[in-house]
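J.: what follows is a predicted structure for the sequence shown.
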Amino acid sequence: MNKIVTYEPDNSIKKGYISLWKEIIWELKHNKWLTLQLFKRDFSSIYKQSLMGVFWAFIVPLISVGTFIILNRSGIFEFGEIEVPYPIYAILGMAFWQVFSTGLITTSISLVKAGSMLVKINFSKKSLVIASAAQSLIPFIVQMILVGVLFVVYQVSPSIKILFFPFFMIPIIFLTLGLGFILSLSNSVVRDISSALSVFMTFFMFLTPVLYAKPKIGALAPLTKFNPIYYLISIPRELILKGTISEWKGYLLSVGFSFIVFGVGLVLFHLTETRITERI
């Protein structure tokens, strides 16, 4: 027997938080097919009319890393203490970073992009955000293949603990989804959010040790200490390259922060998605 969901303003709050979470879990479970179809649609639209297609996932990190190598050899920029060939270190960091960065940008425009669909069809809007966030996994897989090629070229072996790195991806994905739920709502009200986000993410990448080692002195040192993205990127990278984890405390706090943001973003989105259509 099919369950009938009645959408009513503030109805979820009246039912209580336990019923609220049950309703959210039920929606996520019963919208798996829709989420998959939206993912396929977005994937096709992105790469169907692109000349380079998925190869952009190779080109962008190579250009970024190449720029930093030129700056380093010119004496303008220092990488810091890096024990492995720099291209491996940098592209591995870029792979994890783009899951977060690309995921936020695509989720922020997911509702506005589907404006006509929202007006014509009544469905769970969470599927739009989740499907958009999943698009960032395709470049990630391609870039990890590139990292594998670089391991062979430089004759460097990753740690056997590389097998566990998928589990360390979960906090990054949850943080991306949590912020994505919030930003998609914000962008449906103020359209400048998505434009400002693209600029901010570029700036934020330079403030985060993605393409360079963690600074020990200077203005970035204290900022890095309280930057959860640093831990969510550096720990999986360290696990793959060395098989060790040197900053457990910062990582666990960042994981906790990720799950809190995800929970808050998901609940906030669930409580307001019935009003989204009138804002688009």
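T.: Sure thing, it's come through. A quick note: this is a predicted structure, and the numbers were derived from the prediction, not measured.
J.: how about Ala213, secondary structure?
T.: Here Ala213 is coil, with the state taken from DSSP: H, G, I helix; E, B strand; the rest coil.
J.: now for it: which residues touch it?
T.: 79-82 (Cβ atoms under 8 Å, 6 or more residues apart in numbering). Glycine gets a C-beta too; all of them are placed from N, C-alpha and C.
J.: which element, helix or strand, includes the nearest residue to it once chain neighbours are set aside?
T.: Counting by Cβ to Cβ, 6 or more residues apart in numbering, Gly80 is the residue found nearest to Ala213 once chain neighbours are left out, at 2.9 Å. Under DSSP states H and E, no helix or strand contains Gly80.
J.: for the spatially most central residue of the chain, give me its contacts.
T.: For the chain, Phe100 is the residue whose C-alpha lies nearest the centre (Cα atoms, centre = their mean; 2.4 Å). By Cβ under 8 Å, 6+ apart, the residues touching Phe100 are 136, 172, 175-176, 229, 232-233.
J.: who wins on neighbours among these?
T.: Leu232 (29 neighbours; other Cβ atoms under 10 Å).
J.: and the gap between that one and Trp97?
T.: 10 Å (Cβ to Cβ, to the nearest Å).
J.: all helices of the chain, in order?
T.: Listed in chain order, the helices of the chain (DSSP state H) span residues 11-15, 17-30, 32-48, 56-73, 86-108, 110-113, 115-120, 126-134, 137-153, 165-189, 192-207, 220-225, 228-241, 248-272.
J.: and those as JSON lines, adding mean pLDDT and distance to Ala213?
T.: Shown next, in JSON lines, are those (pLDDT from 0 to 100; distance: least, Cβ to Cβ, whole Å):
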{"stretch": "helix 11-15", "mean pLDDT": "57", "distance to Ala213": "46"}
{"stretch": "helix 17-30", "mean pLDDT": "83", "distance to Ala213": "39"}
{"stretch": "helix 32-48", "mean pLDDT": "79", "distance to Ala213": "33"}
{"stretch": "helix 56-73", "mean pLDDT": "70", "distance to Ala213": "12"}
{"stretch": "helix 86-108", "mean pLDDT": "90", "distance to Ala213": "8"}
{"stretch": "helix 110-113", "mean pLDDT": "85", "distance to Ala213": "35"}
{"stretch": "helix 115-120", "mean pLDDT": "73", "distance to Ala213": "44"}
{"stretch": "helix 126-134", "mean pLDDT": "91", "distance to Ala213": "29"}
{"stretch": "helix 137-153", "mean pLDDT": "87", "distance to Ala213": "18"}
{"stretch": "helix 165-189", "mean pLDDT": "92", "distance to Ala213": "19"}
{"stretch": "helix 192-207", "mean pLDDT": "87", "distance to Ala213": "14"}
{"stretch": "helix 220-225", "mean pLDDT": "86", "distance to Ala213": "10"}
{"stretch": "helix 228-241", "mean pLDDT": "93", "distance to Ala213": "9"}
{"stretch": "helix 248-272", "mean pLDDT": "94", "distance to Ala213": "15"}
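J.: out of the ones you listed, which gets nearest to Ser159?
T.: Smallest distance to Ser159 across the helices of the chain (Cβ to Cβ): 6.2 Å, for helix 228-241.
J.: can you give the distance from that closest one to the centre of its chain?
T.: On the basis of Cα atoms, centre = their mean, to the nearest Å, helix 228-241 sits 14 Å off its chain's mean C-alpha point.
J.: okay, angle between it and helix 192-207 too, please.
T.: 50 degrees (axes from the mean of the first three to the mean of the last three Cα atoms, to 10 degrees).
J.: name the helices or strands packed onto helix 228-241?
T.: helix 86-108, helix 165-189, helix 248-272 (3 or more Cβ pairs under 8 Å, 6 or more residues apart in numbering; DSSP states H and E).
J.: now, of the ones you listed, which is deepest in the fold?
T.: helix 86-108 (a mean of 24; mean count of other Cβ atoms under 10 Å).
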